[in-house]
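Visitor: Provided below for reference: sequence and predicted model.
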Amino acid sequence: MYVTGVLSLKGGVGKTTVTLGLAGAAARKGLRTLVIDLDPQGNATTALEPAESETTIADALEHPSPAVLATSIAPSSWDDTVDVLVGSEDIERHNHPDPGSQRLGRLSRLLAALPRAVGDEGEPLARPRGAGAGSRLPHYELVLIDCPPSLGQLTRSALVAVDRAVLVTEPTIFAVSGVQRAFEAVQAERSHNPRLQPLGVLINKYRTRSAEHEFRVNELRELFGPLVLPGVIPDRSAVQQAQGAGVPIQRWDTPGAREISQHFENLLGRIVRAGHSARDRRDGPRRTG
């Protein structure tokens, strides 16, 4: 299971758009995916239009047990392979500015309750799926966490739980400052989570004819060097059009949508490769002969 957080400490840079783009790319490849909506605005939940759930992420963090987790997960309207740990504005009550280690570990305890391998039986789901009543939590190959644009308990608990963090920015002065603070937050939380690594800095909403954007892209490359992910995501109306239609960008058949979809497929490939590398390091060298 690859657990990836998508974060920025500035709002409006397209963090949720990146989360949704990765979920759509994973669905196209048939990866069983869980999207965790930690943002009190709940935009990822709105876009994915999950079936009704008995409880939400706010309840699951209040009582981090397998049973409450199962009643907080619902199938999305996008694809049979994409589920949602349903967001709620009530989650704001968990966003303490200075949480203790017990609170920071709640999300990790929730993820530990997920089945760890194909064939494991999780808790019964809140609603029946295509398999009918009595179906249970599946083994997820990919978990994507959409973090809020602030450094309180919610974002920090995500950093304690994930293996990799995608730092999203747009090429503007305030967003550059936000991604610097996000990188510092990742480094600070490694004391709680030694597995945590920044996957890279993803530049979003780039306009080719903007001198300011070109300047900021060069600034980001000077600041972060090879951590800046190759290929900037252009600012295209296809993103808003697909979200307005309630479909993944991968199903919006325009040249702009196809261009952006390719970026998300490349990013998903990096996440999967990073997950394989981490697993190989944990397992150690394989015996031969």
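Guide: Perfect, I can see it now.
Visitor: Which positions in the helix of greatest length in the chain come out as buried?
Guide: Ordering each helix of the chain by length in residues (DSSP state H) puts helix 255-283 first. By neighbour count on 16 or more other Cβ atoms under 10 Å, the buried set for helix 255-283 is 256-257, 260-261, 263-265, 267-268, 270-272, 274-275. Quick note: C-beta positions are derived from backbone N, CA and C, even for glycine.
Visitor: any idea how far it is from the chain center?
Guide: 13 Å (Cα atoms, centre = their mean, to the nearest Å).
Visitor: which helices and strands does it pack with?
Guide: Packing partners of helix 255-283 (3 or more Cβ pairs under 8 Å, 6 or more residues apart in numbering; DSSP states H and E): strand 2-7, helix 15-28, strand 164-169, strand 197-203, helix 237-245.
Visitor: Tell me where the stretch 51-200 of the chain has helices.
Guide: With DSSP state H, counting those that start in this stretch as the criterion, the stretch 51-200 of the chain has helices at 57-62, 66-72, 101-104, 106-112, 153-161, 173-189.
Visitor: Out of those, point me to the one whose mean pLDDT is lowest.
Guide: Among the helices of the stretch 51-200 of the chain, helix 101-104 has the lowest mean pLDDT, at a mean of 85.
Visitor: Show me which residues of it are buried.
Guide: Leu104.
Visitor: and if you look at stretch 136-153?
Guide: 137-138, 140-151, 153.
Visitor: how far is stretch 101-110 from where the chain is centred?
Guide: For stretch 101-110, the distance to the chain centre is 17 Å (Cα atoms, centre = their mean).
Visitor: Give me the contacts around it.
Guide: When contacts are defined by Cβ atoms under 8 Å, 6 or more residues apart in numbering, stretch 101-110 is touched by residues 36, 38, 60-61, 64, 69, 94, 96, 145, 153, 156-158, 160-161, 192.
Visitor: quick one on the thing from earlier: generate CSV for the helices of the stretch 51-200 of the chain, with distance to Val3 as supplementary columns.
Guide: Converted to CSV, the helices of the stretch 51-200 of the chain look like this (distance: least, Cβ to Cβ, whole Å):
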stretch, distance to Val3
helix 57-62, 15
helix 66-72, 15
helix 101-104, 15
helix 106-112, 6
helix 153-161, 6
helix 173-189, 14
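Visitor: Of those, which stretch is the most buried?
Guide: helix 153-161 (a mean of 25; mean count of other Cβ atoms under 10 Å).
Visitor: contacts for that helix?
Guide: 3, 5, 7, 9, 36, 38-39, 61, 91, 94-97, 99, 103-108, 111, 145, 147-148, 165, 185-186, 189, 192-193, 196.
Visitor: can I have that helix written out in CSV, keeping just the CAs?
Guide: Extracted in CSV, the C-alpha atoms of helix 153-161 (Å, rounded to 0.1, in the frame of the first residue of the first chain):
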residue,chain,number,x,y,z
GLN,A,153,-3.0,18.7,13.7
LEU,A,154,-4.6,17.5,10.5
THR,A,155,-1.7,18.2,8.2
ARG,A,156,0.8,17.0,10.8
SER,A,157,-1.1,13.8,11.4
ALA,A,158,-1.0,13.1,7.7
LEU,A,159,2.8,13.6,7.6
VAL,A,160,3.1,11.2,10.5
ALA,A,161,1.0,8.6,8.5
